[in-house]
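Engineer: With the input below, show me the fold.
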Amino acid sequence: MEFGGVTLNALADLLKPQEDDNSDNEDQPVTAAAKLGPGSIGPPKKQQPKQEKKGDSKDIWDAEEVPEGSEFEDDNDPRPQPEYDIVFKQAVSTEDMFLQMGNKTPSSVCCEDIVVKINLPDTKLADVDLDVKDKFLACRTPKYKLGLHLPHPVDSKNGKAQWDGTKELLTVTLRITREYDFLTN
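Structural biologist: Coordinates of the predicted model:
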C-alpha cells in the first residue's frame, strides 16, 4: 500500500486541524487524543441544572459546611485559655468490678459520660458564660476563654454543670451519645 502526498495531507488534517489566527485557542489540546483525559472514561455525564440556594445569596458556605464550634474560634482574642481536664466516667457495678461478669473494659469505649473540669481562678459564677454543642464546649469569662472540641459527640441538651466557689472550679458532666452504644453497654 502506497501513500501519496494527497493521502498524507488528508491524514495530517485529521490528526491536526488547520490553525486559525485566533490566539484564544493556544492552550487547547491540539489532537483528538490529547483531548482525552481521566474524565473521558465511561459514559458522558449529564449536566444537572444548578439549584438555587435558599437563604441569603451572599452566604459563602452552607450551615452544613461550617464545622461546629468554629464560630467561637477567635485568634485575635487576647484572653488566655484556662487549665482544664477531661475525664471519662463510667458506671461500674460490683459485678463489673469484682466478678468481672460484665462486658465493660477500662477503655473510653465503655464510658457513659465526659467530665470537663475547668479551673477559673479569680472568677465568680455570675461571670461564667457556658455554651455546649454536640461536639464543642465554649466557656467564657472576662479573664478566660476556652473553646474545646470534644472527643465524642454528647447530648448537649441534658448536661450538668456545677460551680465550686472555694476551688473556683467549673465541673461540666455531659452524656456521650454514640451510634452503636447498645454494643458496649
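
Engineer: give me the number of residues near residue 175?
Structural biologist: Counted with other Cβ atoms under 10 Å, the neighbours of residue 175 add up to 15. In this view, the C-beta of every residue, glycine as well, is placed from N, C-alpha and C.

Engineer: did I read that right, it in a strand?
Structural biologist: Yes - looking at residue 175 with DSSP: H, G, I helix; E, B strand; the rest coil, it is inside a strand.

Engineer: Give me the nearest residue to it, chain neighbours excluded.
Structural biologist: In space, residue 175 comes closest to residue 155 once its chain neighbours are excluded; the distance is 4.4 Å by Cβ to Cβ, 6 or more residues apart in numbering.

Engineer: For the one you found, which residues are in contact?
Structural biologist: Each residue near residue 155 by Cβ atoms under 8 Å, 6 or more residues apart in numbering is listed here: 134, 174-177.

Engineer: Show the buried residues in those.
Structural biologist: By neighbour count, with 16 or more other Cβ atoms under 10 Å, those hold 174, 176 as buried.

Engineer: Mind picking the one among the contacts of residue 155 that's closest to residue 146?
Structural biologist: Checking the contacts of residue 155 against residue 146 by Cβ to Cβ gives residue 174 as the nearest, at 14.4 Å.

Engineer: now, among the contacts of residue 155, which is nearest to residue 148?
Structural biologist: For the contacts of residue 155, the closest approach to residue 148 (Cβ to Cβ) belongs to residue 174, at 11.0 Å.

Engineer: pLDDT at the closest one, what is it?
Structural biologist: On pLDDT, residue 174 comes in at 95.

Engineer: mind listing what it touches?
Structural biologist: Contacts of residue 174 were listed using Cβ under 8 Å, 6+ apart, and they are 113-116, 132, 137, 150, 154-156, 159-160.

Engineer: Quick one: buried ones out of the residues you listed?
Structural biologist: When these are checked for burial by 16+ other Cβ under 10 Å, the buried set is 113-114, 116, 132, 137, 150, 154, 156, 159.

Engineer: got the residues you listed as CSV, with pLDDT, secondary structure and distance to residue 77 columns?
Structural biologist: Below are those laid out as CSV (pLDDT from 0 to 100; DSSP: H, G, I helix; E, B strand; the rest coil; distance: Cβ to Cβ, whole Å):
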residue, pLDDT, secondary structure, distance to residue 77
113, 91, strand, 29
114, 93, strand, 25
116, 96, strand, 20
132, 93, strand, 19
137, 92, strand, 16
150, 91, coil, 20
154, 92, strand, 24
156, 88, coil, 23
159, 91, coil, 24
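
Engineer: which one among those residues gets closest to residue 38?
Structural biologist: Once Cβ to Cβ is applied, the member of the buried ones among the contacts of residue 174 that ends up nearest residue 38 is residue 150, at 39.8 Å.

Engineer: isn't that closest one right next to residue 137, touching?
Structural biologist: Yes - using Cβ atoms under 8 Å, residue 150 is in contact with residue 137, at 6.0 Å.
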